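Visitor: Okay, here's the prediction I keep looking at, along with the sequence it came from:
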Amino acid sequence: MGGPSRGGSLVATLRTEPKTFNRYTANSFPTHLVATLTQARLVRINSATSELEPWLAERWTISDDRRTYTLKLRDSVRFSDGAPFTAADVLFSFAAVYDPKTASPLADSLRVKGKPLEVRAISPAVVALTFPEPYGPGLRILDNLPIYPQHRLARALADGSFGTAWGPQTPPGEIAGLGPFVLTQYDPGQRLAFARNPHYWRRDAAGRTLPFLDRLTLEIVPDQNAELLRMQAGGLDVMQGEMRPEDYLPLKREADAGRVRVLDVGASLSQHLLWFNLGTPRPASAWLRAPEFRQALSSAVDRNAFARTVYLGAATPSWGVISPANRTWFSEAVERPAYDPDRARTLLAAIGLTDPGHSGGLKDRSGRPVQFTLLVQKGIAESEKGASFLREAFARVGVRMDVVALDPATMQGHWTRGDYDALYHHVAFTDTDPAGNMDFWLSSGSGHLWHPGQPTPSTEWERRIDALMTRHAAASDRAERQRMFADVQRTVSEQVPALSFATPHVFVSTSTRVTGGRAAVLRPQLLWDADEISVRAAP
């Protein structure tokens, strides 16, 4: 992208506006993006490499029992309002996120086996973090916690109002942070404006102070068609939303003409999964719970055709819940059944689902049609196009699938109540390290898609995964952890509680003014590295 230059401004888009500027109280992407620009963590997971990096903590040591980390904080770091950053701010941040009155959605991600970390100050520049037990990902857990200023928010924590602090009505001047930018203006429904943090602590590899940009603006553009037109017209520098498959060709034509830049960052770390309700007993459709049924549907789908049709070819066929883009943890042990409708019919017949009248539709042993309903989110092209493709593929082996598109809240309600047959939805992991997503893997986890919150594992294979993941999370040797997680993936690929069909590629579109920065597959694809982005001056 060329060498960086100092000064100038950059314009990016944001699909929806933030409901709050307080990252401790919201998991939404707009709030996360504002925190990425204005706040900083003790350590950072590099979105381009997935490796852990020193950030506000410049180095650390670990105790012999692998439970206590002692972190040395960087010297002379100041918040954007000029106040010094010390260990007191670290203790305050942990106290705020763990406080029940805050009700922070980040709290669970900062616990190990449901227990919080113990945090104490050794000195104003040194803190010690003690884990409840050895934890394989180690300090990666801290990437979830931006460090907030005690001097600005202590009163709110003390009086129980921290959960509503830094709301959308808060004057930008009252918000202080340790990130590269400060929020200077918020026009609801229109834009958020940021300026360089004059006290930002970081320098680049050449020793130059960061950030390079003077200003950064997030224009709120809810409509993706409008966003595309603005990019084509030269009114944007970065399309913040993930590029739709149908946007690729028009933007590629602009790129070929030298008017924009389109980067293929590679396969995404997230994807759409189809999973069945394995938790709520449904006697009339017990075959939904049979692994042979799910294996049959997997064999009934031509994944190459799925990638071409649903993603216009901008995707890679996939079979497992872990994307090949997660190079550290993806296992080749995942089964990859070929497209084989005959095998699908054989598997279905083995569990008593046949077509005695040769009508083209299967029936179970009681004579009832083999039919189920798939819920998808309304208005998401990938969901609706994918469901349509699958409906046709399943019909070819005699299985009827009805598709119902719902708004997000209604769909979430059906999943929470266990009131559904199957769901097809985008699933994103919060960390590339599997131990950072224990709520997904453990049968007791709130994110265990097909049967969340089990008091005890309801199947032997889930019990096996629970045991493997518990050991995986506690182990320190990466090779050992990889072997255990490969076994987890192998078990999931055999039981197929969730089906994957294609992993989309991530494309990032920028103006030709943009230089520096590193594109990543995780959102925000470019602005995660905003302090090293620069723009070329106009000729």
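Guide: The structure has been received and is ready for your questions. These figures come from a predicted structure and were not determined experimentally.
Visitor: Where does residue 127 sit: helix, strand or coil?
Guide: Following DSSP: H, G, I helix; E, B strand; the rest coil, residue 127 is assigned to strand.
Visitor: Repeat that for the one 5 residues further on.
Guide: Classification of residue 132 using three-state DSSP returns coil.
Visitor: Report the contact partners of it.
Guide: Residues in contact with residue 132 (C-beta atoms under 8 Å, 6 or more residues apart in numbering) are 67, 112-113, 115-117. (C-beta placed from N, C-alpha, C; glycine too.)
Visitor: In ChimeraX, select just the buried ones from these.
Guide: With 16 or more other C-beta atoms under 10 Å as the criterion, this ChimeraX line picks the buried residues out of these:
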select :67,112,117
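Visitor: With distance to residue 376 as new columns, can the contacts of residue 132 be given to me in TSV?
Guide: Formatted as TSV, the contacts of residue 132 follow (distance: C-beta to C-beta, whole Å):
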residue	distance to residue 376
67	44
112	35
113	35
115	37
116	37
117	39
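Visitor: for the contacts of residue 132, which one is nearest residue 170?
Guide: The nearest member of these to residue 170, counting by C-beta to C-beta, is residue 116 at 27.5 Å.
Visitor: Now do that closest one against residue 99, distance only.
Guide: Distance from residue 116 to residue 99, counting by C-beta to C-beta, to the nearest Å: 11 Å.
Visitor: ok so, going back, looking at pLDDT only, which of the contacts of residue 132 scores worst?
Guide: Across the set of the contacts of residue 132, residue 113 stands lowest in pLDDT, at 84.
Visitor: mind checking how far that one is from residue 473?
Guide: In terms of C-beta to C-beta, residue 113 sits 8 Å off from residue 473.
Visitor: Go through this protein and flag its longest helix.
Guide: helix 478-495 (DSSP state H).
Visitor: now the following helix or strand past that helix: how far from the chain's centre is it?
Guide: Sequence order places strand 498-500 as the next helix or strand after helix 478-495, per DSSP states H and E. Centre-to-centre, strand 498-500 and its host chain are 17 Å apart (C-alpha atoms, centre = their mean, to the nearest Å).
Visitor: what mean pLDDT would you report for strand 498-500?
Guide: Confidence for strand 498-500, expressed as mean pLDDT, is 96.
Visitor: any chance of the contacts of residue 132 in CSV, plus secondary structure?
Guide: Shown next, in CSV, are the contacts of residue 132 (three-state DSSP):
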residue, secondary structure
67, coil
112, strand
113, coil
115, strand
116, strand
117, coil
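Visitor: In three-state terms, label residue 35 for me.
Guide: Residue 35 ends up helix, using three-state DSSP.
Visitor: quick one on the thing from earlier: so which other helices or strands are in contact with the longest helix of the chain?
Guide: The contact analysis (3 or more C-beta pairs under 8 Å, 6 or more residues apart in numbering; DSSP states H and E) places helix 478-495 against helix 291-299, helix 460-474.
Visitor: And the helices in this protein?
Guide: For the chain, the helices defined by DSSP H occupy 29-38, 87-98, 150-158, 224-232, 245-256, 291-299, 303-311, 341-350, 381-395, 408-417, 438-441, 460-474, 478-495.
Visitor: In this structure, where is pLDDT below threshold?
Guide: Low-confidence segments of the chain, defined by pLDDT under 70: 1-3, 281-284, 538-539.
Visitor: run the last query once more with 50
Guide: Regions of the chain meeting the criterion pLDDT under 50 cover residues 1-2, 283.
Visitor: Can you report phi and psi for the spatially most central residue of it?
Guide: In the chain, the centroid-proximal residue (C-alpha atoms, centre = their mean) is residue 428; its distance is 4.0 Å. Reported as degrees, to the nearest 10, the phi and psi values for residue 428 are phi -120, psi 130.
Visitor: quick one, what contacts it?
Guide: Counting by C-beta under 8 Å, 6+ apart, residue 428 makes contact with 269-270.
Visitor: What separation is there between it and residue 188?
Guide: Note on residue 428: its distance to residue 188, by C-beta to C-beta, is 27 Å.
Visitor: any idea how far residue 226 is from residue 526?
Guide: For residue 226 relative to residue 526 (C-beta to C-beta), the value is 20 Å.
Visitor: who's more crowded, these two?
Guide: residue 526 (26 against 11; other C-beta atoms under 10 Å).
Visitor: Look up phi and psi at that one.
Guide: Torsion angles, degrees, to the nearest 10, at residue 526: phi -120, psi -40.
Visitor: From one end of stretch 177-196 to the other, what's the distance?
Guide: Terminal residues of stretch 177-196 lie 12 Å apart, using C-alpha to C-alpha, to the nearest Å.
Visitor: Tell me which residues are up against that stretch.
Guide: 14, 17-18, 21, 34-40, 56, 77, 79-80, 85, 146-149, 168, 172, 175-176, 197, 200-202, 210-211, 213-220, 530-531.
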